[in-house]
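K.L.:
from the sequence below, what's the structure:
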Amino acid sequence: MTSELTHRQPALAEIVATLDVERIDDEHFLATQLDNPQHHIVGGHIAGQALMAAARTAPGRVPHSMHAYYVRAGDARRPVDLHVEVARDGGTLSTRQVTARQDGQILLEVLSSFSADVDAPSYQQSMPDVPDPESLAPSQQQLSDYAGELGGYWVQPHPFDQRYIDPPPRLALELPEPSPRIRLWWKPSEPVSADPALHSALLTYLSGTKMVETAVTMRRATVASAFNALIDHALWFQRPVELSDWVLSDQFSPSGVAGRGLATSTMYNRAGQLVCVATQELYFGRGKEQRR
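P.N.:
Alright, predicted model coming up:
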């Protein structure tokens, strides 16, 4: 697993295009996957696709929560069928259940909820005091000393611009003790359309691929060197995220036990407003079997 092809990051345009799932009828969608040499379906990507499909059935409402269970692995060379069940449409909240299938087998089950705008008092915890993203080096620059590893994996173009406040996982390997906390600023590497559902789906994708770094780091590894698979994934969207500017992701792994790792992320926009709280659990495998 050391070739450039093995570790190529998808382009932002590829992610955006595949998140725009094809609508077959009122409740059925077809989701093209992002293929890779292992042909593994990316957990954050298919969860984002499920959220996009559900959002298309709840016009005029924005997602406020999503809970996903990853049931089995799929084949990224072929599309996935998404079935959206309209569980409820209330005066304020709409609930959707999304089932992702391939060859008739369930890959993913998602419950998502959407809300109309409500005028009500609000409160939140304060954003951590961190450096501005412009004062930090891009991740590729931070990792330039490792440009020769994994076919250039650490310095290749990335769909999201990332500015790490704490040492990124590859640098953390050089530290005497790993830290369960990683804070970074991120935003799409190029402008994206102003579709609120797309912005929430991109945040879902990002959380599925970056939060794992905290738990993997605690095992003295990186996502490029260690097997891991998402088991479940939950997000609470506190307000619509606007991806024309930077988002701070304050990530933490509170526990790792029985071959599983728990990771959380609290995300803020540049103005310090809380936009999302996310939690996920990942599986590290059982030695050579790596079965779940």
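K.L.:
so which elements touch the helix or strand of the chain with the lowest mean pLDDT?
P.N.:
None of the helices or strands of the chain scores lower by mean pLDDT, DSSP states H and E than helix 169-172, at a mean of 87. Here helix 169-172 touches helix 212-218, going by 3 or more Cβ pairs under 8 Å, 6 or more residues apart in numbering; DSSP states H and E. Glycine gets a C-beta too; all of them are placed from N, C-alpha and C.
K.L.:
beyond the helix it packs on, next helix or strand please.
P.N.:
Following helix 212-218 in sequence order, the next helix or strand is strand 229-237 (DSSP states H and E).
K.L.:
part of a helix, is S126?
P.N.:
No - applying DSSP: H, G, I helix; E, B strand; the rest coil, one finds S126 to be coil, outside a helix.
K.L.:
next, give phi and psi for it.
P.N.:
phi -80, psi 150 (degrees, to the nearest 10).
K.L.:
how much space between F227 and V216?
P.N.:
For F227, the distance to V216 equals 10 Å [Cβ to Cβ, to the nearest Å].
K.L.:
which one's more surrounded, the two?
P.N.:
Taking neighbours as other Cβ atoms under 10 Å, F227 and V216 compare with V216 leading, 26 against 13.
K.L.:
which ones are touching that one?
P.N.:
Neighbouring residues of V216 by Cβ atoms under 8 Å, 6 or more residues apart in numbering: 169, 222-223, 226, 228, 261.
K.L.:
so where do the strands sit in the protein?
P.N.:
Per DSSP state E, the chain carries strands over the ranges 22-23, 28-31, 62-70, 80-89, 93-102, 105-115, 160-164, 181-188, 229-237, 247-257, 260-269, 274-283.
K.L.:
closest to M127 out of the ones you listed?
P.N.:
Of all these, it is strand 260-269 that lies closest to M127, at 4.3 Å by Cβ to Cβ.
K.L.:
what does the closest one rub up against?
P.N.:
Here strand 260-269 makes contact (Cβ under 8 Å, 6+ apart) with 125, 127, 203, 207, 210-212, 214-216, 218-219, 228, 231, 241-242, 245-256, 274-284.
K.L.:
any quick PyMOL command for the buried ones out of those?
P.N.:
To isolate the buried ones among the contacts of strand 260-269 in PyMOL, judged by 16 or more other Cβ atoms under 10 Å, type:
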select buried, resi 127+203+207+210+211+212+214+215+216+218+228+231+241+242+246+247+248+249+250+251+252+253+256+274+275+276+277+278+279+280+281+282+283+284
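K.L.:
low pLDDT regions in the stretch 151-292 of the chain?
P.N.:
287-292 (pLDDT under 70).
K.L.:
try 90 this time
P.N.:
Low-confidence segments of the stretch 151-292 of the chain, defined by pLDDT under 90: 151-156, 168-178, 209, 218-229, 259, 284-292.
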